[in-house]
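*Asks:* sequence-free structure coming up:
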């Protein structure tokens with residue numbers, strides 16, 4: 001059987017076949033080959049360009065065939081045969097189908113990649129959530145422990161503050177005692193060996209016996225009659241006096257303060273009697289040098305004090321040890337200062353010292369009007385002067401009046417303000 005030579009293809013048919021077979025080859029090849037071809041190196045691209053430049057192109061070959069064709073062969077070039085149209089249509093459909101398949105393939109690959117990314121993110125989120133829950137649990141435990149530590153530290157802080165406060169009180173007390181000792185020894189009063197004498201501590205029974213005896217003496221003074229008065233009224237104060245059987249002078253001054261309370265004046269007077277500077281200011285003028293030492297204190301209402309004072313024009317130091325106490329009476333309150341026996345001090349006195357006796361008291365009686373309503377406070381102060389030398393001294397008589405005025409100025413109000 002002889003093989004017949006087919007006539008040459010028309011340019012249109014040739015082009016359609018090339019497109020069809022070219023698409024078929026592309027569909028048979030994998031996407032990886034196409035990607036490798038796209039990602040080929042510049043050297044390969046240049047080599048392909050050079051080979052394309054050397055080998056004739058399809059258009060050149062078609063043009064060559066067209067030129068060598070006979071007129072009879074090129075008769076139907078202007079019109080496409082039905083076969084060519086079908087072939088071209090089939091090629092176009094095939095190419096479109098392959099293109100859709102490639103798009104679907106790429107989309108499947110992208111979906112797979114996205115699923116992998118989502119799976120990894122889900123795993124990471126689950127792991128992170130578990131870690132966060134464990135971290136929250138650990139943080140809660142740490143917070144509870146720190147709360148307990150904070151509470152313990154706060155309790156320790158309160159204890160330390162109390163301890164620090166007690167240490168501070170002790171330090172201030174020690175400093176005050178040191179200053180007091182310094183003031184006791186360095187007051188300007190000529191030194192004496194009697195300063196170093198330690199007085200024996202009296203028992204509460206002995207102290208209260210002194211108080212009872214002193215109060216009975218005060219009551220006898222208040223109940224006794226036949227007082228002599230000058231009748232004068234000096235700054236609202238009235239006076240009375242008399243001599244007892246021992247020729248000791250008993251004196252008294254009285255004044256009513258309608259705007260004051262008995263308890264208030266008692267507290268202020270007690271503070272004056274129990275402090276060195278205020279007591280010195282109350283008893284003497286600024287030219288007198290004084291020494292003040294609390295020897296014993298029994299509760300808040302009784303203390304034993306030693307006092308020394310030196311007048312500038314006298315060669316003597318006046319020394320006394322007295323008890324100061326306050327008590328409540330049916331009519332108000334009473335404050336008293338009285339010298340007590342101190343044989344230890346008397347035996348240690350030097351020639352320039354003189355032990356003197358002092359006895360002074362003040363009644364703070366509640367005053368009432370005619371209707372029985374409170375009407376202020378009535379002050380009644382009195383005392384004894386047993387030393388005849390003091391009686392003849394105009395200085396002592398003048399100091400008695402001045403001490404009363406100083407007390408009013410210190411405990412009630414300045415006198416110059418009351419006179420305005």
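*Replies:* Received, thanks. None of the values given here were measured: they were computed from a predicted structure.
*Asks:* How is the protein divided into domains?
*Replies:* According to automatic domain parsing, the chain is divided into the following domains: 119-186, 197-419.
*Asks:* Mind putting those into JSON lines with mean pLDDT and mean neighbour count?
*Replies:* (Each C-beta comes from the backbone N, C-alpha and C, glycine too.) Putting those into JSON lines (pLDDT from 0 to 100; neighbours: other CB atoms under 10 Å) gives the following:
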{"stretch": "domain 119-186", "mean pLDDT": "80", "mean neighbour count": "10"}
{"stretch": "domain 197-419", "mean pLDDT": "85", "mean neighbour count": "16"}
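*Asks:* any chance of these in a markdown table, plus distance to residue 102?
*Replies:* Listed next are those as a markdown table, based on distance: least, CB to CB, whole Å:
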| stretch | distance to residue 102 |
| --- | --- |
| domain 119-186 | 26 |
| domain 197-419 | 111 |
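*Asks:* nearest to residue 93, of those?
*Replies:* Put simply, out of these the one that sits nearest residue 93 is domain 119-186, at 38.5 Å, with distance taken as CB to CB.
*Asks:* for the chain, what spans make up the helices?
*Replies:* Taking DSSP state H as the criterion, the chain contains helices spanning 11-28, 31-38, 42-54, 58-68, 82-185, 204-223, 262-273, 276-283, 343-347, 388-392, 394-411, 415-419.
*Asks:* what's the fifth one packed up against?
*Replies:* Yep, that's helix 82-185 we're talking about. Using 3 or more CB pairs under 8 Å, 6 or more residues apart in numbering; DSSP states H and E as the contact test, the elements touching helix 82-185 are helix 11-28, helix 31-38, strand 289-298.
*Asks:* Determine which of those shows the lowest mean per-residue pLDDT.
*Replies:* The stretch with the lowest mean pLDDT among the helices and strands packed on helix 82-185 is helix 31-38, at a mean of 44.
*Asks:* ends of stretch 215-233, how far apart?
*Replies:* Start to finish, the residues bounding stretch 215-233 are 28 Å apart (CA to CA, to the nearest Å).
*Asks:* Can you give the distance of it from its chain's centre?
*Replies:* Using CA atoms, centre = their mean, to the nearest Å, the mean C-alpha position of stretch 215-233 is found 60 Å from that of the whole chain.
*Asks:* Now tell me what touches that stretch from outside.
*Replies:* Stretch 215-233 is contacted by residues 238-242, 250, 252, 327, 334, 336, 359, 361, 363, 380, 382 when judged by CB atoms under 8 Å, 6 or more residues apart in numbering.
*Asks:* try 6 Å
*Replies:* With contact meaning CB atoms under 6 Å, 6 or more residues apart in numbering, stretch 215-233 is reached by 239, 240, 241, 242, 250, 361.
*Asks:* Just to be sure, which of those residues are found in strands?
*Replies:* Here DSSP state E is the test, and those give 239, 240, 241, 242, 250, 361 as lying in strands.
*Asks:* so the second one touches residue 250, yeah?
*Replies:* No. Taking CB atoms under 6 Å as the contact criterion, residue 240 and residue 250 are not neighbours in contact, 8.8 Å apart.
*Asks:* Now render the contacts of stretch 215-233 as a markdown table, adding distance to residue 162.
*Replies:* As requested, these are arranged in a markdown table below (distance: CB to CB, whole Å):
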| residue | distance to residue 162 |
| --- | --- |
| 239 | 55 |
| 240 | 55 |
| 241 | 56 |
| 242 | 58 |
| 250 | 53 |
| 361 | 42 |
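*Asks:* Closest one to residue 94 out of the residues you listed, please.
*Replies:* Among the contacts of stretch 215-233, residue 361 lies closest to residue 94 (CB to CB), at 139.1 Å.
*Asks:* Who does that closest one form a beta bridge with?
*Replies:* Residue 361 forms beta bridges with residue 336, residue 382, as assigned by DSSP bridges.
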